[in-house]
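Visitor: sequence unavailable; structure follows:
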């Protein structure tokens with residue numbers, strides 16, 4: 001097996017790469033990274049000293065590839081499948097990259113800030129930071145509502161941007177429910193959640209949902225097949 005993915009089933013950024021892999025049925029060996037295990041953490045830091053997941057290792061090409069967007073583009077370049085997740089047209093490709101970054105920076109990042117705040121002790125709480133994160137999500141939701149004019153976020157094809165959107169919106173919607181006033185956003189979310197690659201990724205994450213700080217808010221439909 002050439003491709004080895006180092007990740008954790010609960011981590012939202014890991015979901016992004018898993019969705020891309022499952023979209024093309026790309027064969028890979030999964031390695032669960034447990035940063036709470038000193039030996040496992042040391043092994044992972046040897047591979048990628050920054051310590052952030054996921055990381056792809058391509059043994060056949062002797063390459064270690066970090067960062068989710070770079071991993072997906074690397075897969076398309078060196079291990080292509082039937083579904084291109086980045087379009088060939090240069091302008092369309094820029095749009096996909098833009099919305100990929102949008103979901104990472106303006107949905108994932110504030111969502112993760114709220115999650116991390118929940119894990120902090122009382123003396124470390126930052127109410128202003130949480131309020132700012134919720135405001136950022138509200139702005140992002142409104143922008144997605146304007147953008148979601150077609151089946152997928154950048155048009156009629158499922159792309160890297162949708163791979164980023166699915167985990168970002170899955171976790172964000174648990175923390176900050178999608179407003180009724182944004183029907184296109186809500187419809188887009190439902191299309192994402194119904195995508196086979198997304199369903200598979202969430203099913204693999206299900207055993208780890210009890211460790212999510214807002215686990216009591218996870219909708220029942222995601223807790224069973």
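Guide: Received it, and whenever you're ready, just let me know what you need. Small disclaimer: the values here were computed from a predicted structure and weren't measured.

Visitor: check which helix or strand the closest residue to residue 40 other than its chain neighbours maps to.
Guide: Spatial nearest neighbour of residue 40, excluding adjacent residues (CB to CB, 6 or more residues apart in numbering): residue 34 at 4.7 Å. In this view, the C-beta of every residue, glycine as well, is placed from N, C-alpha and C. Using DSSP states H and E, residue 34 falls within no helix or strand.

Visitor: residues near residue 34, how many?
Guide: 11 (other CB atoms under 10 Å).

Visitor: wouldn't it be in contact with residue 8 here?
Guide: Yes: with contacts counted by CB atoms under 8 Å, residue 34 reaches residue 8, the gap being 7.5 Å.

Visitor: now the common contact residues for those two.
Guide: Common neighbours of residue 34 and residue 8, using CB atoms under 8 Å, 6 or more residues apart in numbering, do not exist here.

Visitor: separation between the residue nearest to residue 40 and residue 138?
Guide: 35 Å (CB to CB, to the nearest Å).

Visitor: and for residue 14?
Guide: Taking CB to CB, one finds residue 14 at 26 Å from residue 138.

Visitor: need the strands for the chain, in chain order.
Guide: For the chain, applying DSSP state E gives strands covering 3-7, 29-32, 55-58, 63-66.

Visitor: any idea of the mean pLDDT in the second one?
Guide: Which is strand 29-32. Strand 29-32 carries an average pLDDT of 96.

Visitor: in its sheet, what does it sit against?
Guide: strand 3-7 (parallel) (DSSP bridges).

Visitor: which other residues reach the strand it pairs with?
Guide: Against strand 3-7 from outside (CB under 8 Å, 6+ apart): 14, 17-18, 21, 26-33, 44, 47-48, 53-59, 79.

Visitor: likewise stretch 42-61?
Guide: 1-8, 11, 13-14, 17, 28, 33, 35, 41, 63-66, 68, 71, 74-75, 78-79.

Visitor: just stretch 210-220 next, same as before
Guide: Residues contacting stretch 210-220 (CB under 8 Å, 6+ apart): 10, 115, 118-119, 174-175, 209.

Visitor: filter those residues down to the buried ones and hand me the PyMOL line.
Guide: Of those, the buried ones go into a single PyMOL selection, burial set by 16 or more other CB atoms under 10 Å:
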select buried, resi 10+115+174+175
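
Visitor: in helices only, show me the contacts of stretch 210-220.
Guide: Counting by DSSP state H, the contacts of stretch 210-220 place 115, 118-119, 174-175 in helices.

Visitor: quick one: which of those is nearest residue 191?
Guide: residue 174 (17.9 Å; CB to CB).

Visitor: if I look at the closest one, how far off is residue 222?
Guide: 9 Å.

Visitor: next one: stretch 216-223 to chain centre, how far?
Guide: Relative to the chain's own centre, stretch 216-223 is displaced by 18 Å; criterion: CA atoms, centre = their mean, to the nearest Å.

Visitor: tell me which residues in it are buried?
Guide: Quick answer for stretch 216-223 (16+ other CB under 10 Å): residue 218.
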